[in-house]
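Engineer: let me see the structure of the following:
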Amino acid sequence: MRQLAPLLLALALGGWALQRAFAPPPLRYPGPTTALFDRLDPNGDGRIDAEEYARQSPPGSPLSAVDADGDGALSPWEVELLYLTVDPVWLFAAPR
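Structural biologist: All right, here's what the predicted structure looks like:
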């Protein structure tokens with residue numbers, strides 16, 4: 001049992017490190033990003049899925065082009081990244 005404890009500790013710390021390594025960074029501008037995201041996420045589930053994206057994006061704009069983590073939906077972090085890359089002024093013009 002004494003030999004198992006270090007292994008369990010290493011596994012626990014390794015899992016924590018992996019979770020931290022792959023977690024999105026915190027929002028740089030949480031106020032405007034959250035206000036914008038809430039407007040773009042009408043069902044309030046915390047993600048913009050393909051159907052919501054298609055209703056609000058320019059025709060022919062694929063979700064995969066802006067889905068940074070490839071999970072098939074946009075998170076607040078991905079929306080902030082998109083607007084900071086494409087049109088940072090628009091992010092700050094979003095209603096609060």
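
Engineer: show me where this structure has helices.
Structural biologist: 4-22, 30-40, 50-56, 76-86, 88-93 (DSSP state H).

Engineer: least confident of the ones you listed, on average?
Structural biologist: The minimum mean pLDDT among the helices of the chain belongs to helix 4-22 (a mean of 56).

Engineer: ok, the residue nearest to residue 27 when sequence neighbours are not counted - how many residues close by?
Structural biologist: Distances taken as Cβ to Cβ, 6 or more residues apart in numbering place residue 33 nearest to residue 27, at 5.0 Å, with adjacent residues excluded. In this view, the C-beta of every residue, glycine as well, is placed from N, C-alpha and C. For residue 33, the neighbour count with other Cβ atoms under 10 Å is 20.

Engineer: and residue 44, how far from residue 60?
Structural biologist: Using Cβ to Cβ, to the nearest Å, residue 44 is found at 27 Å from residue 60.

Engineer: one more: residue 47?
Structural biologist: For residue 47, the distance to residue 60 (Cβ to Cβ) stands at 22 Å.

Engineer: looking at those two, which is more packed in?
Structural biologist: Set residue 47 next to residue 60 and count neighbours by other Cβ under 10 Å: residue 47 wins out with 16 against 5.

Engineer: that concludes my questions; thank you for your assistance.
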